[in-house]
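In: Dropping the sequence and predicted coords here.
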Amino acid sequence: MYVNVAVLKETQPHERRVALVPSVAARLVKLGAKLHMQSGAGDGIKLTDATFRDVTFTDDRKALVSDADVVLAVQPPALDVIDAMKEGAILISFIYANKESALVRCLLDRKITCFAMERVPRITRAQAMDALSSQSALAGYYAVQLGATHLTRILPKITTAAGAIGPAKVLVMGLGVAGLEAIATAHRLGAVVEGYDVRPETQEQALSLGAKFVETGVDARGKGGYARELTAAEKSKVAAALTQHIQQADLIITTAAIPGRPSPKLISKAQVAGMKPGAVIVDLSAEGGGNCEDTRPGETARIGQITIVAPFNVPSFLGGDASELYAKNQYNLLALMLKDNIITIDWKDEILAKTVLTHAGERKDLPPAPAVKAA
Ligand SMILES: NC(=O)c1ccc[n+]([C@@H]2O[C@H](COP(=O)([O-])OP(=O)(O)OC[C@H]3O[C@@H](n4cnc5c(N)ncnc54)[C@H](O)[C@@H]3O)[C@@H](O)[C@H]2O)c1
């Protein structure tokens with residue numbers, strides 16, 4: 001007995017990642033998986049089919065999934081892929097159900113057990129499965145590299161015979177996983193770094209990574225360790241405290257997000273107008289509409305002498321490492337279910353119960369419908 005695991009080639013534009021890499025393939029085989037991949041699935045990260053051992057390749061994605069017990073992907077698969085899956089099979093992928101109503105309908109119709117990677121709970125035991133964190137950490141690192149290539153100055157202090165140049169000032173706004181990694185990277189590259197977040201516990205984290213913390217006196221801790229939206233009065237208090245820091249920075253990296261809401265606007269047009277000529281903003285929240293009023297999501301904008309870079313899908317730029325970490329996250333999740341060559345789902349396991357999106361034709365992410373009172 002073995003479990004058929006199929007891995008799709010990603011089809012969304014600019015998606016370079018793949019859900020399986022050779023080192024993880026070998027570990028899945030040990031758990032009892034028989035591996036099948038779509039031909040060229042690793043092309044985006046320069047992995048040829050030949051680099052995968054013990055994997056069968058096929059061109060036809062519908063044939064690939066039709067016999068699979070488990071399908072692995074990075075982005076939500078196309079509807080025809082779900083239609084071709086066996087009833088009751090498992091799909092593990094990022095889904096973001098609120099943007100994918102047709103796909104969710106299809107998952108329910110086909111009675112697919114879908115584990116949505118963005119739903120992995122942020123608890124200690126699930127850290128090895130937390131793809132939001134692994135991908136955000138890479139994005140935070142890359143934001144500094146991206147910003148550095150758009151600056152006309154260097155980040156560290158440099159001394160030459162002709163004179164010295166002082167270090168660049170970097171301000172990181174939003175200190176979740178990506179923001180903290182951006183602080184660590186900018187600090188390692190020799191910049192003078194400041195950090196800001198509405199969750200006060202990030203102060204100590206910023207300090208431990210070598211940054212100063214910008215105090216605004218606003219505490220916006222929300223549910224589950226996330227931030228809540230600010231009130232109008234809080235927004236103006238924050239803006240007043242931040243303007244000077246924004247306008248002294250050479251490079252600003254913004255990462256602020258509130259689950260289920262558009263990205264909060266942390267930098268106004270007026271603040272951009274007062275920034276130093278040549279300054280750069282790297283806005284990592286393009287998917288949610290951006291953290292700056294002048295951000296054009298998915299584009300690089302020139303506003304006067306300021307450059308605002310706001311790419312989509314930043315982890316995909318580092319597709320090799322992003323795939324490696326993502327594949328490990330998925331492996332660790334699958335290892336909760338795949339043992340001794342069979343799949344057994346223990347619904348009492350908090351991680352599986354909270355990550356599942358659809359099962360046996362039912363949505364599992366919605367609160368149960370209220371009981372109807374008898375007349
Ligand atoms: N225990 C775990 O295993 C684990 C793993 C990863 C993350 N976490 C926690 O989950 C939470 C979210 O992390 P994330 O990286 O997904 O964050 P995120 O992507 O949801 O948000 C990024 C940051 O933006 C901040 N933010 C929101 N509104 C803001 C505003 N108006 N101004 C400034 N900053 C604002 C948030 O506080 C957050 O720090 C954090 O508390 C993090 O420590 C826990």
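Out: Happy to help now that I have it. Residues are numbered from 1 along each chain as shown.
In: residues in contact with the residue of the chain found nearest the ligand?
Out: Ranked by Cβ to the nearest ligand atom, the top residue of the chain for proximity to the ligand is residue 176, at 2.3 Å. Just so you know, the C-beta spots here come from the backbone N, C-alpha and C atoms, and that holds for glycine as well. By Cβ atoms under 8 Å, 6 or more residues apart in numbering, the contact list for residue 176 reads 136, 197, 255, 257.
In: Restricted to helices, list these.
Out: With helices taken from DSSP state H, the overlap with the contacts of residue 176 comprises residue 136.
In: ok, the contacts of residue 176 vs residue 319, which is closest?
Out: Nearest to residue 319, judged by Cβ to Cβ, of the contacts of residue 176 is residue 136 at 15.3 Å.
In: ok, residue 165 - contacts?
Out: So residue 165 contacts 153-154, 157-159 (Cβ under 8 Å, 6+ apart).
In: Apply 10 Å and report the result again.
Out: The contact partners of residue 165, by Cβ atoms under 10 Å, 6 or more residues apart in numbering, come to 153-154, 156-159.
In: do the same with residue 281
Out: 147, 150, 171, 173, 246, 249, 251-254, 266-267, 272, 275, 290-292, 294-295, 301, 303, 306-310 are the contacts of residue 281 under Cβ under 10 Å, 6+ apart.
In: likewise residue 68?
Out: 3-8, 34, 36, 84-86, 89-91.
In: again with residue 300
Out: With contacts defined as Cβ under 10 Å, 6+ apart, the neighbours of residue 300 are 146, 150, 280, 282, 307-311.
In: could these go into CSV alongside pLDDT and neighbour count?
Out: Compiled in CSV, these are given as follows (pLDDT from 0 to 100; neighbours: other Cβ atoms under 10 Å):
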residue, pLDDT, neighbour count
146, 98, 20
150, 98, 16
280, 98, 26
282, 98, 29
307, 98, 19
308, 98, 26
309, 98, 22
310, 98, 25
311, 97, 21
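In: still on that earlier bit, among the contacts of residue 281, which are in strands?
Out: Secondary structure defined by DSSP state E assigns 171, 173, 251-254, 301, 303, 306-309 of those to strands.
In: near the ligand, from those residues?
Out: Among the ones in strands among the contacts of residue 281, the ones lying near the ligand by Cβ under 6 Å from any ligand atom are residue 173.
In: Quick check: the farthest pair among the ones in strands among the contacts of residue 281?
Out: Within the ones in strands among the contacts of residue 281, two members stand farthest from each other by Cβ to Cβ: 171 and 301, at 18.5 Å.
In: neighbour-wise, which of those two wins?
Out: Taking other Cβ atoms under 10 Å, residue 171 and residue 301 do not tie; residue 171 has more neighbours (29 against 18).
In: my read: that one touches residue 206, true?
Out: No: checked against Cβ atoms under 10 Å, the pair residue 171 and residue 206 is beyond contact range at 11.1 Å.
In: anything in contact with each of those two?
Out: Looking at what touches both residue 171 and residue 206 (by Cβ under 10 Å, 6+ apart), the common residues are 183, 193-196, 212, 214.
In: Can I get the buried ones among those as something I can paste into PyMOL?
Out: PyMOL command restricting the shared contacts of residue 171 and residue 206 to the buried ones, with burial defined by 16 or more other Cβ atoms under 10 Å:
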select buried, resi 183+193+194+195+196+214
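In: List just the nearest of the shared contacts of residue 171 and residue 206 to residue 315.
Out: Closest to residue 315, out of all of these and judged by Cβ to Cβ, is residue 183, at 18.1 Å.
In: Name the SS class of residue 315, please.
Out: The three-state label given to residue 315 by DSSP: H, G, I helix; E, B strand; the rest coil is helix.
In: Please list all residues in contact with it.
Out: Counting by Cβ under 10 Å, 6+ apart, residue 315 touches 15-17, 74, 131, 134-139, 142, 178, 321-323, 325-326.
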